[in-house]
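Asks: next one to model:
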Amino acid sequence: DVQLQASGGGTVQAGGSLRLSCAVSGLYFDDQAIGWFRQAPGKEREEVSCIANSDGSKLYAGSVKGRFTIYSDHVKNMVYLQMNSLKPEDTAVYYCHTHIRWDDYWGHGTQVTVSS
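Replies: Here you go, the predicted model:
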């Protein structure tokens, strides 16, 4: 079974950093694109970043570009999201995600709270 397990959330002050981790299993990691999404209270879930493990290409939402970095560890089958210069508007539950054919797979979310 495909499983995604997100961790690493917490509470930080504005300007601080956090690193989220997504442990991936049950699929061929090197072929998959893995993404990070977030959902703030009262808002729709939005994609934050995505990495294609096949070629290393990366995408970022405009709101996080230059502050967040996504990267993979192909030995550990992990995807990380390094978040720097955090802002209160980054407060949300963060989810890792992948898509295989017609199916979406989500990990349990991890809460990130940025205080001003």
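Asks: if I look at Asn53, how far off is Met78?
Replies: 11 Å (C-beta to C-beta, to the nearest Å). Where you see a C-beta, it was placed from the backbone N, CA and C, and this is true even at glycine.
Asks: which residues are common contacts for the two?
Replies: Common contacts of Asn53 and Met78 (C-beta atoms under 8 Å, 6 or more residues apart in numbering): Ser72.
Asks: secondary structure element holding the residue most central in space within the chain?
Replies: With distances taken as C-alpha atoms, centre = their mean, the residue of the chain nearest its centroid is Trp36 (2.8 Å). In the assignment (DSSP states H and E), Trp36 maps to strand 33-39.
Asks: just the helices in this protein please.
Replies: For the chain, no helices are identified by DSSP state H.
Asks: that older thread, quick one: contacts for the residue nearest to the centre of the chain?
Replies: 20, 22, 47-50, 70, 79, 81, 94-97.
Asks: thanks a lot, see you next time.
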